[in-house]
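Novice: output the structure for:
(chains A, B, C and D)
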There are 2 protein chains.
Amino acid sequence: MAFAIYEEQFRYFLKRNNLKFTKERREVIAAIAIQRNHFNAEDIHQQLKKQKSNVSLATVYRTIPLLIGSGLMTETTYGGERIIYEKIYNKPHHHHMVCINCGKIIDFTCPDVEIVQNDICQKNFFLSTEYRLEIKGYCQTCRKKMKNKKMNRTFIQEFK
Amino acid sequence: MAFAIYEEQFRYFLKRNNLKFTKERREVIAAIAIQRNHFNAEDIHQQLKKQKSNVSLATVYRTIPLLIGSGLMTETTYGGERIIYEKIYNKPHHHHMVCINCGKIIDFTCPDVEIVQNDICQKNFFLSTEYRLEIKGYCQTCRKKMKNKKMNRTFIQEFK
DNA sequence: TTGTAATTGAATATCATTCTCAATTACATT
DNA sequence: AATGTAATTGAGAATGATATTCAATTACAA
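Specialist: Reported below is the predicted structural model:
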């Protein structure tokens, strides 16, 4: 499974940065390896408890930047109450559609965006490390609810 | 100037939603009208003080969703400590490059992205209300600093 | 084995944003 | 113009995710 590769990549990162590979960090990786598509800090902590691990939430938060720095995961969407992460190992680069009614996140890939992005960065002498196209709106399910007026809209507003 | 139009649009929105046009809300609009490209809740509050207005920070926060709902402004980038807003009146739709070293935000327009976005939404039966392409990386200035190793990098990491 | 800098858990701090509540106010209706 | 009522306000307190402090522990290079 992917776990061994996760650990290898993480150990390499730690060594390069003069950081230690602790029991706690190993357990956090194991917890990450098991996560689904999208998860947050608390999800990791819950998984640790399931694993009978006593790694504290503080350590989870301390480990997150290391996991991102080592290239094992990335932030997905912000804007909600919590930051949502996802693993990136062996996953093609993709973007997100977020339903503003139910919170559902839909992944999609789009090679065209990369071309556009390269072009823009070159023109602006910008060195890109990350780019994302994020679409907000209403998913298929919630559009149906809209017709029945069962949705969470706060204000009356037109759609473009 | 744009202020009168701002107010008209806002009053219309309030009326449609059975909300009141108060002295405080008028003052907040005046404060918004003066803001630069990118600003946050605290910036609005500071501007109110400059205007000798006593509108509280709580009211600023309460007014923000109304301003967004009425189409006067929008969230720009999250991910930092605070939410950054920008006015959208008379401003072409655009995207952002954010320097992860100095925090600089560079606007850019890109008509191609709209085409891509429409296509994806149609395929997924998604009703888009908003979309953004966000590029993170290093701006021209910070790239030069990188060569002199004067940058804020936290971890040693390769660039793609 | 040892020295030392990194790491940990627990508790506490931070700090942007939201909420509570009693007093005030806008404004539709008379 | 007066009235009724629901919306709004400021002040302060609450919230809650994330970060930090500190003393005790631990990884690991030498």
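
Novice: okay, CA-based contacts and neighbour counts for the rest of this
Specialist: OK.

Novice: give me the residue at the spatial middle of chain A.
Specialist: Taking CA atoms, centre = their mean, the centroid of chain A lies closest to residue A:85, which sits 2.5 Å from it.

Novice: counting neighbours, what do you get for the nearest residue to that residue once chain neighbours are set aside?
Specialist: Excluding the flanking residues, the one nearest residue A:85 by CA to CA, 6 or more residues apart in numbering or on different chains is residue A:75, at 4.4 Å. Residue A:75 has 17 neighbours, counted by other CA atoms under 10 Å in any protein chain shown.

Novice: for the record, mean pLDDT for the longest strand seen in chain A?
Specialist: Of all the segments of type strand in chain A, defined by DSSP state E, the longest one is strand A:127-138. Averaging pLDDT along strand A:127-138 gives 90.

Novice: residues making contact with that strand?
Specialist: A:94-101, A:113, A:117, A:121, B:117, B:126-140, B:143, B:159-160 (CA atoms under 8 Å, 6 or more residues apart in numbering or on different chains).

Novice: and chain A, which residues reach DNA strand D?
Specialist: A:15, A:20-23, A:40-42, A:58, A:61-62, A:81-83 (CA under 7 Å from any atom of the strand).

Novice: how's chain A carved up into domains?
Specialist: A:1-90, A:92-153 (automatic domain parsing).

Novice: lowest-confidence stretch among those domains?
Specialist: Of all these, domain A:92-153 has the smallest average pLDDT, which comes to a mean of 86.

Novice: is that one in proximity to DNA strand C?
Specialist: No: contact of domain A:92-153 with DNA strand C (CA under 7 Å from any atom of the strand) is absent, the minimum separation being 14.2 Å.

Novice: where exactly do the helices run in chain A?
Specialist: Secondary structure of chain A (DSSP state H): helices at A:3-16, A:23-34, A:41-50, A:57-69, A:111-124, A:140-147.

Novice: check contacts around residue A:53.
Specialist: So residue A:53 contacts residue A:27 (CA under 8 Å, 6+ apart).

Novice: so in terms of bridging, what pairs with residue A:128?
Specialist: Beta-bridge partners of residue A:128, counted by DSSP bridges, are residue B:137.

Novice: now do it against residue A:18, distance only.
Specialist: Note on residue A:128: its distance to residue A:18, by CA to CA, to the nearest Å, is 26 Å.

Novice: that'll do, ta.
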